[in-house]
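Q: below is the sequence, then the predicted model.
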Amino acid sequence: MLLFKKQIPDTWINKIRASIPDILVDHAHLERKAATGALTLQKYKELVPHLDELTDIVIEEMEHFKIVLDLLRKREIIFGPPRQSPWIHGMMASIRKGRKTQVIDHLTCCALIEGRSCEKFQMLAEGLKDLDPELADFYGSLVESEGNHYASYLIMAKNIDEDDARERLEYFLNIDAELITQDHNIPVLH
Ligand SMILES: [Fe+2]
Ligand SMILES: [Fe+2]
């Protein structure tokens, strides 16, 4: 069960449907960044007990990256440079500095990115069926994995400091609620 306070706006799916090649390029970068995120989390001493789990996430995200790259090649879409997402930028910019606080914020932020991806992939599995059944199936196949990453990161944060993790989750859920409804026309998933 995902904890978000605001729904993804109805206009979102239409933006995606209108810009599938750009969205696939953005998605490839997202998977690459998700792998980098899991690798970066391995630097925190609090997460030493989760090194294997984080390595598994890195591998899984790189597998997703490869599948998206194959789709790009098959569709003759050029893998262009990444575009900045105002939503991801706003979330990441709110991470506190300092040892223990930083790791909890970092995990919470990664969890919510995974969670929103999970939700959006679920919407795409339905919302692209008529337009692009191959992509609809592909997105459907990613839902479980991204949902598991969401849960894993939240559990890791709670294992470090349950009260702080709960407080920071609330904080980031409020930032998400504020940012998710701010419409932008950049062709990115988030
Ligand atoms: Fe992924
Ligand atoms: Fe993921």
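A: Happy to help now that I have it. Numbers count the residues shown, from 1 in each chain. Ligands and ions are numbered 1, 2, ... in the order given.
Q: next, count neighbours for the residue of the chain found nearest ligand 1.
A: Of all residues in the chain, residue 64 sits closest to ligand 1, at 3.8 Å by CB to the ion. (Glycine included, C-beta is placed from N, CA and C.) Other residues near residue 64 number 23, with proximity taken as other CB atoms under 10 Å.
Q: next: the one 4 residues further on.
A: The number of residues packed around residue 68, counting by other CB under 10 Å, is 21.
Q: quickly note the distance from it to residue 125.
A: With distances taken as CB to CB, to the nearest Å, residue 68 is found 15 Å from residue 125.
Q: tell me the confidence at the closest residue to residue 86 other than its chain neighbours?
A: Nearest non-adjacent residue to residue 86, counting by CB to CB, 6 or more residues apart in numbering: residue 184, 5.6 Å away. pLDDT, residue 184: 85.
Q: residue 103 contacts residue 164, correct?
A: No - contact criterion CB atoms under 8 Å: residue 103 and residue 164 do not qualify, at 10.2 Å.
Q: check whether stretch 44-56 contacts ligand 1.
A: No - Stretch 44-56 stays clear of ligand 1 (CB under 5 Å from the ion), getting no nearer than 12.1 Å.
Q: now find how far off-centre that stretch is within its chain.
A: 19 Å (CA atoms, centre = their mean, to the nearest Å).
Q: begin at 40, not 1, for the rest of this chat.
A: Understood, numbering begins at 40; the last thing we discussed is stretch 83-95.
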